[in-house]
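Asker: Quick one, what's the 3D model for this:
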Amino acid sequence: MLLSAIVAEPSDATLIATGVSSFVVGGVGAFTVTHHRKMFAWIRKVNRRDEEAVELGVPEKALGLLFTEVCRLSNTPAYAADLVEVTRIANEIKGRIKNTEDIRPELQEVVGCAKDYVTTALPEPPTTVRMPVADMRAHLVQAMKQESARTALECAINAAEQRINTLRRI
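Answerer: Next up, the predicted model:
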């Protein structure tokens, strides 16, 4: 009965109350929609960061292992047998290059420097106690080239790790 009276003869108070309630409900609805949009954008951003963290985590771990191995070999002449682990880690990084588009150039640089470093392996030392002076000088020159290649590999690893850290901050 009350409803039929309001519908049959709407007074000014009823119209104002209806208008205000409609305005409030519409405002709350608009705020809810904007809140949900911001929330979904934030969720997408967090999911993208998680995916990137997984994508960058494997190369970062391999770069850390390679850096540790290269530091272990610093300032000492290395033979082919000593560089087996460097070759293995470099091949692992090379296999991951296809999956990491953001840091592909840096990883390719690391793999190239690792290859250069491995090619500077010294020949096995002779079994005799004495070594001719010419051979000693050749070994010394090769050892200096090897240390230079190792330093270049360290710089490439550091550049790749810095790029990964930069991508994680974005």
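
Asker: Tell me how far the spatially most central residue of the chain lies from residue 122.
Answerer: Centroid-nearest residue in the chain, with C-alpha atoms, centre = their mean: residue 56, separated by 3.1 Å. According to C-beta to C-beta, to the nearest Å, residue 56 stands 35 Å off from residue 122. (Each C-beta comes from the backbone N, C-alpha and C, glycine too.)

Asker: ditto for residue 148
Answerer: 14 Å.

Asker: Who has more neighbours out of these two?
Answerer: Higher neighbour count among residue 148 and residue 122: residue 122, with 17 against 13, using other C-beta atoms under 10 Å.

Asker: So which bits of stretch 113-133 are buried?
Answerer: 113, 114, 115, 116, 117, 118, 120, 121, 122 (16 or more other C-beta atoms under 10 Å).

Asker: Helix or strand: which one has the fourth one?
Answerer: Secondary structure assignment for residue 116, by DSSP states H and E: helix 104-119.

Asker: Mind listing what's buried along the helix or strand following that helix?
Answerer: Beyond helix 104-119 in the direction of the C-terminus, DSSP H and E gives the next helix or strand as helix 133-169. Within helix 133-169, the residues that count as buried by 16+ other C-beta under 10 Å are 143, 146-147, 149-150, 152-154, 156-157, 160-161, 163-164, 167.

Asker: Distance-wise, check the closest residue to residue 49 other than its chain neighbours relative to residue 64.
Answerer: Distances taken as C-beta to C-beta, 6 or more residues apart in numbering put residue 168 closest to residue 49, at 8.0 Å, once the chain neighbours are dropped. Per C-beta to C-beta, residue 168 is found 14 Å from residue 64.

Asker: which ones are touching residue 62?
Answerer: By C-beta atoms under 8 Å, 6 or more residues apart in numbering, the residues touching residue 62 are 89, 92, 93, 96.

Asker: right, and the helix or strand after the lowest-mean-pLDDT helix or strand in the chain?
Answerer: Among the helical and strand segments of the chain, the one scoring lowest on mean pLDDT, DSSP states H and E is helix 2-8, with a mean of 53. Proceeding N to C from helix 2-8, the next assigned helix or strand is helix 12-72, under DSSP H and E.

Asker: got the angle between that next one and helix 133-169?
Answerer: 170 degrees (axes from the mean of the first three to the mean of the last three C-alpha atoms, to 10 degrees).

Asker: Which strands or helices does the next helix or strand after helix 12-72 pack on?
Answerer: Scanning forward in sequence from helix 12-72 by DSSP H and E, the next helix or strand is helix 84-96. Under the contact definition 3 or more C-beta pairs under 8 Å, 6 or more residues apart in numbering; DSSP states H and E, helix 84-96 sits against helix 12-72, helix 104-119.
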